[in-house]
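Chemist: what's the 3D shape of this:
(2 chains)
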Amino acid sequence: MAHAGHRLDYLAGFCCPLGGLAAGKPRVLCHDSEVYLSNGSEFLYVYDQEGKELKAVYKCPEQVWHVELLPDPKQLFILCAHSGIYCVSLEEPGRLMEQTDSDGQEGDRPSGVFPVASEACVFPDPALCTFTLLNSFVVTLSQAQGQWWLKLHELPRAEQQGAGYRQLSELALGAEAGADAAARSLPVLCCASAPGAAGSGERLWCSGGFVLEEPLFSLLFGVDAAVLESPMILCGFPDGQLCSVPLKALSSPPGQEPPVKLLHHLEEPIVFIGALRTERRAAEEEEEEQPAGGCDCVVAVGHSGKMVAVKADERAAAAVPELREYGLRGPVLCAACGSGSRMYYSTPSDIAAVDLECAGEASDGEDAEGAAGVLPPVLSPASLSICSVVALSLSSRASEGESELLALSAKGRLVSCDLCSAEEAPATSLTPAEAGRRIKELLSGIGNTSERVSFLKKAVDQKNRALASLNQVMNVSAALLSSQDGHKPIACTVTANWSCLLLQDTVTISCVLENCSEYSLEQGWTLCVQLLASPCALEEDSVDSGTTFTFPIDQLLPGNKRELTLPLGSAADTKLDLPLTISCALYYSLRDILGSGCDSPEALDDFFPDDSPILSPDREGICLPLSECTIDMLQCLRLESGPRGPEAPALAPAPPAAPEPVETFLQVAREQTEPSTGKDGEPGDGDLPPSAASIRVSSELLKNALKNSGSGVPLSCATLRWLLADNAAAEALRGAEVAAVRGAAPRGGEVQLRVREVSMNDLSPAGPIQAVEILMESPSLADMCRVHHAVIRRIQALVLEQAAQGSGPPDLRMQYLRQIQANHEMLLKEAQALRERPPRGEDGAAAEKLLHVYRQLRNPSLVVL
Amino acid sequence: MGSCPPSSPCSQAPSHGTFPGFHCSPSKSRLEALGGGWRAGQGSGTRSVPLAQSIPVLVSLTGLPAALATLPLELTVLYNSLVFAMGASDCAINGEAEEIRQGLLRVLEACGAAGQDLSTEKLWQKVLQEVTVEELQAPLHRLAALQAAWWLATNRLGSVTGLFRLLSSAEHPGRAPCSEGKTQLLSLLRAWKVPAEEASLSLVQSAQDLKEVLCTAAAFLQGLQELEAGNLPAALSLLQEAAGGFCSKRLLAQIYTCLSCCTQRMGKPQTALQHLKRALQVDFQCLPALSRAAALYRELGEVDAELQALALLCEALERNPPAAASPPPCCLIQTEQLVHTPALSALLRHRHLSEVKYLLAQRCLEDGRMADAVEHYLDFLSLLQDGLQQQVPLDAGSALPRLPEVLLEAASALQQAGRPQDAITVCEEVVGRTASLIPQTLRVEERLEQPECPSPEPQLAAGPLSQKRESLRCLVWRTAAYLHQGWAWAQLDETKEAVTQFSRCLSDLLRVQLYQPGVETAGSLLPEVKLLQKIRLLSLIGRGAQFLELGKLKEALLDFQYGLQISPGDPAAASYLVQALWKLDRKQEAAARWQKLSESPAEEAGQQEGLGRPCPLYLVSCLKQATFPQNESLARDLQDYLQSTNS
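Modeler: Okay, here's the model as predicted:
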């Protein structure tokens, strides 16, 4: 059924507190023609529907959580967050002003802001979460000591002024109260009265409460409550429990179980409890003038849209209430029930009405008598086309006999929606007044529609943007993943350079991201560069040390390049020692696509299966690895300009880069105090020769490997060029035939690299073997080791490559080889023993010994054939 | 140690009065304002004012790094503010322990130690063992007393014992713990030397007072523990010790009530009565004592005294609602605040007016005082209709049975008091209330599968089993109501109406279908099932008797025969059967039955006893009515007949 003809009236606009109305606990109450409205801030507004004006504004000391009205005497009870319930008498605002000692001049204007003073606090309890009124009783629900406490207080009667609020009894509910339950969502209280109690004596006043008809009351609450005719409090807790407590038996001494009955568990925060009259026929036939009869169905709605309805099942002889769960489209912000069989609930996008009237006539074809008195199996919500309403109230103004829905939208607009106008006969001719009213209605309808349209449009735009982004992300991913073996269309090359930063020469790593694909990298992509000290680095605990740099990419069109540099070797992170493994990857965060509306990781699971390879480990984005390379000492050497011949003199004791007198002094002082044990990174002193290492590689092997590059130059020069090929400064070597270079390590140490051809006579029976000896020298042992490591790495790669081509080694004198091997094994053993021995007092000596062994191991050393 | 350090931070100690003017250098004016605030607060009756003022002082002090020089002052302010906080609240709150903890941490901080991750007990140990600064000992000891109060309030007696052991060993290093066992805590508490009060740092409640409070509370709590554990002599001595301690009259009355409970359990009801008497002498508002007295009289079988006690209790409750304000406290931290155990609240369970009214009515009914019973029952029923002011406890510990049973008892009283019409009305209520709660057919296993679960409150568990039992109970009440109505109509000589009610009862009884589980289990019959059989028998006898009145002898005979099938050897049914047979002129059978009946009266009585023992109060009157009236003429006729046939 379409509710096309609902008349919408825009009544008033209220300011919207920070974070929107939905963030607070907004509430709309109406009584007669007055609307009491709280928008989640500390203000409470009284709006007159007849005069269409704001009558009063009350300013409470804290955010308003809940409001109830006592009609006689007219009093407002306001629950403020973390402070308690304040009582404001609406009949004598003057008295209020007297009570509040604020400035008097403001009180003259009726529309002024009345501050609610702390004296008006009738229940000072910071743990209070919600409350409800029942005639002259106040039922409060508070949270203390990990439990919910239901307390019953009696209001002082009108004649006994000044009397306190007497607490009659209290009860601890077993329901577990989470520590921050109140912060997330508040519990809901509602009062259900027995049928007998309502009929007799004074009219029962209970806002939001209802009278339950007989079979259901007894069935739900038991025979004792029925005999007592006790009002029942229904509590809906944030954890989803729906409990009932008889108000007349609200006592439970410790150790005894309280008379609490768990009616249902919705497993989601309960936002609303109400009751409906589902069987209309019987009531209408009996007497027309009493439409507000008892209800025969209790409903509770959870925040995510689960709804439960309970009704006495009269068709079966089971004597148990029928309980049915429905699923509505959540999240449900608020709901309201009128006197009929309809319940209205609001979601961010719409208000919908569900009708629980027993569908006797709809299905009279099959088993009409079977379906009578039963809840409908499914609900068909009918839209009212009003979006983002955060508080609802159903008012029936007695004078007009029509019911209307008062709604407070998330933007703070109070709207009334006439629910009966659809059935009105259309007016044949309009008087000017009627026409004016009609135009007004149309205008407010347009206003509402435009608000709805803007909301929907925003949602659509966001979805479109998300789709477009997803599309380009998928394109890029596909391009990269499909070319895994060969050349990647988007590549990242990493080089090491020396540059001058802040007047200091440092090594920087530059990454060049080149987009050769046909898609552009849009905003949202991030280049992640991870620097990882290799596990084989000098320090043993450096395996886990890594640093990741991320660079957001604004846009990279096809064919474009972007260069990014990151400094290396700054003293700040000494952990990043050479050699470094650098891996580059592109990352795209899916969270941004989904926008703020979605913050659950489950939503991403819909996009990708669990084992999707491109999903990043945190399952929140797409990660595409680009390249991985290693930066070692050879790449970072800063070569000195003047190439030297092979006859270059032995390395002099390395002078500091800038021979400053003070530094020299300090250095000398240091050397004098500690015995020289050849510590890492320390420039050697005069006595100690610079650390050296050498590797011999058979010329044949090298020639084979370098035959395409090293034509026309001596093998030693070609070898050196090959070693320094990745060095950015090595271009200078191209011109001349150089067999030795000298350079500076990133941290200032000096390194010399010499290559010469030697012949090894005693290795092969077939005669001397021509070999190339690579000699590395540095005053700093650490630098020497780094160079050694870098050279070995290269040669390893070369040997592997050659071995793959299947060139056999020359005839060798095994005896000699064995001798070398045995020597090395012995040295290794010695080194191992030294390392395993726990360093004791004489660790200086041990370290020196160890160092010596290492030196021996390196020089004269391996022969690679 | 324990003596006050003579060098207080400033020694101009003026005679500012006894109340908390803190005369100390750092922030003198504010601290004095705090003292003044307390005075003002005391006048207006709200104790939160000084508390609110002492917090900024504390905050401003704790904002600075902890320093040994200001720590005594800081700890004293902490002590005072905590005393205020505890005094202002009804019971100790969680936060206070945290504040004490923070204080201790600051002490450690000042001494260059840390203890963030220690438990509070360990923290105290560390502080008391490691901090030896003389000036800090007195404030630390006072704070320890406060900690003990907090622990007592949360019933952590072990922690208190540990703390005071530390305190005493700090005082007398090397001395072994004085005594073992139960009295250890008390002797430790007594042995604790209260630090002397310094003139410069006033306290809102002296440590001596606090010590007294602690002693009383500890004795009381331990006595309660022993009472619960069943160590009655130990409980007695501890409670007597507590009674001699420092506490308010209200608490003293409570202690006496507990003493009476203890002596009652020791089998000394007269001593128990003496204790109760003393409790009421101390505090005549100690209503639990009154209700315990009623229970004691009931045990002693003194109905008059019991009823009198109950009536007094009733009057007291009617006049003075129990939530009346307590008398103004004598000091900030009182013993009452430290004694919170479930055992105590169970012992001193507060009876609601409704419960007392019911007890009165029930006792009158049991004792056969029908007029009084009717009055009290009607009082009680009108109480149910009162507003929410009159709470009607329905939990398991309540004196009230299920409400339909109360209604049935009221009907029974009304009927016995000669008001059958009213009884019918009351029963109609039960019939109406239970109408929708009994399914058309109720399949019930005859025997309990598992031992009876201790859940007397059927509303709690919503399982299908308990729901079935609840339906069964409703059926019991409904049929019992019909039974009462039947007898009431019979009393009104409306025989036909009576037959109708008995028939309704019998037809409702057919709703239940008993079946036996496959295996014959040793479980006992469900009590409700037994009751239903009893009701069936009674209504068969009732209907038979009415048929006899109407002259429908055959129907009567059938009913009596059915009755005997249900309960073979039931004397009433058998006697009625004899009468029916005699009237039907089946004299031989009648005589044989009669002979059998008169031969084994003792055995049958025993059988009868076995079947009908747990008869609820509301069925007693029906049982009485179903007994066969002494019929001399029939006996004579039978005798004559037997003699004539024998001869």
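Chemist: hey, which helix is longest across the chain?
Modeler: As the question left the chain open, I've gone with chain A. helix A:432-482 (DSSP state H).
Chemist: Please refer instead to chain B.
Modeler: helix B:464-491.
Chemist: relative orientation of the very next helix or strand once past that helix and helix B:464-491 in degrees?
Modeler: Using DSSP states H and E, the helix or strand that follows helix B:464-491 in sequence is helix B:495-509. Relative orientation of helix B:495-509 versus helix B:464-491 (axes from the mean of the first three to the mean of the last three CA atoms, to 10 degrees): 170 degrees.
Chemist: contacts for helix B:495-509?
Modeler: B:438, B:475, B:478-479, B:482-483, B:485-490, B:532, B:535-536, B:539-540, B:542-543, B:546-547, B:549-550 (CB atoms under 8 Å, 6 or more residues apart in numbering or on different chains). Heads up, the C-betas are built off the backbone N, CA and C, glycines and all.
Chemist: which of these come close to chain A?
Modeler: Residues of the contacts of helix B:495-509 in contact with chain A (CB under 8 Å from any CB of the partner chain): residue B:438.
Chemist: from the contacts of helix B:495-509, which would you call buried?
Modeler: B:438, B:475, B:478-479, B:482-483, B:485-490, B:532, B:535-536, B:539-540, B:542-543, B:546-547 (16 or more other CB atoms under 10 Å in any protein chain shown).
Chemist: related to what we said a few turns ago, tell me the helices and strands packed up against the longest helix of chain B.
Modeler: If you count contacts as 3 or more CB pairs under 8 Å, 6 or more residues apart in numbering or on different chains; DSSP states H and E, helix B:464-491 packs onto helix A:223-228, helix B:403-416, helix B:420-434, strand B:442-445, helix B:495-509, helix B:527-550, helix B:617-626.
Chemist: And the average pLDDT for the shortest one is what?
Modeler: Meaning strand B:442-445. Strand B:442-445 shows a mean pLDDT of 78.
Chemist: Over to the third one?
Modeler: Averaging the model's pLDDT scores along helix B:420-434 yields 90.
Chemist: Look up how far chain B lies from the spatially closest residue to residue A:557 that is not a sequence neighbour.
Modeler: Of all residues not flanking residue A:557 in the chain, residue A:520 sits nearest, at 4.6 Å (CB to CB, 6 or more residues apart in numbering or on different chains). Look at residue A:520 and chain B: by CB to the nearest CB, to the nearest Å, they are 54 Å apart.
Chemist: give me phi/psi at residue A:520?
Modeler: Dihedral angles of residue A:520 (phi, psi; degrees, to the nearest 10) stand at phi -90, psi 150.
Chemist: my guess is it contacts residue A:554, does it?
Modeler: No. Counting by CB atoms under 8 Å, residue A:554 is not a contact partner of residue A:520; they are 10.6 Å apart.
Chemist: ok, the two, which is more surrounded?
Modeler: Looking at residue A:520 and residue A:554 with other CB atoms under 10 Å in any protein chain shown, you find the greater number of neighbours at residue A:520, namely 17 against 11.
Chemist: how about the strands in the stretch 1-150 of chain A?
Modeler: Applying DSSP state E, counting those that start in this stretch to the stretch 1-150 of chain A gives strands spanning A:7-13, A:27-31, A:34-38, A:43-48, A:53-59, A:64-70, A:75-80, A:84-89, A:113-115, A:121-124, A:128-134, A:137-144, A:147-154.
Chemist: So which of those is nearest chain B?
Modeler: strand A:137-144 (5.5 Å; CB to the nearest CB).
Chemist: and that closest one, what other elements does it pack with?
Modeler: So strand A:137-144, by 3+ CB pairs under 8 Å, 6+ apart, packs with strand A:128-134, strand A:147-154, strand A:188-193.
Chemist: With mean pLDDT and distance to chain B added, can I get those strands in JSON lines?
Modeler: Formatted as JSON lines, these follow (pLDDT from 0 to 100; distance: least, CB to the nearest CB, whole Å):
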{"stretch": "strand A:128-134", "mean pLDDT": "87", "distance to chain B": "8"}
{"stretch": "strand A:147-154", "mean pLDDT": "84", "distance to chain B": "6"}
{"stretch": "strand A:188-193", "mean pLDDT": "88", "distance to chain B": "11"}
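Chemist: I'd like those as CSV, with mean neighbour count and distance to residue A:482 appended.
Modeler: Below are these laid out as CSV (neighbours: other CB atoms under 10 Å in any protein chain shown; distance: least, CB to CB, whole Å):
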stretch, mean neighbour count, distance to residue A:482
strand A:128-134, 23, 58
strand A:147-154, 21, 59
strand A:188-193, 24, 55
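Chemist: so which of those gets nearest residue B:311?
Modeler: Nearest to residue B:311 among those is strand A:147-154 (26.4 Å), distances taken as CB to CB.
Chemist: list the buried ones in the helix or strand following that closest one?
Modeler: Counting by DSSP H and E, the next helix or strand C-terminal to strand A:147-154 is strand A:166-176. Across strand A:166-176, burial judged by 16+ other CB under 10 Å covers A:168-169, A:171-173, A:175.
Chemist: Could you do stretch A:406-423 as well?
Modeler: A:406-410, A:412-419.
Chemist: now do stretch B:346-361
Modeler: Buried residues in stretch B:346-361 (16+ other CB under 10 Å): B:347-361.
Chemist: and what of stretch A:457-473?
Modeler: Neighbour-count burial for stretch A:457-473, counted by 16+ other CB under 10 Å, picks out A:466, A:469-470, A:472-473.
Chemist: Of all pairs in those residues, which one is the farthest apart?
Modeler: A:466 and A:472 (11.4 Å).
Chemist: looking at the helices and strands packed on helix B:464-491, which is buried most?
Modeler: helix B:403-416 (a mean of 26; mean count of other CB atoms under 10 Å in any protein chain shown).
Chemist: ok, and does it reach over to chain A?
Modeler: Yes. Judged by CB under 8 Å from any CB, helix B:403-416 and chain A are in contact via B:403-404, B:407.
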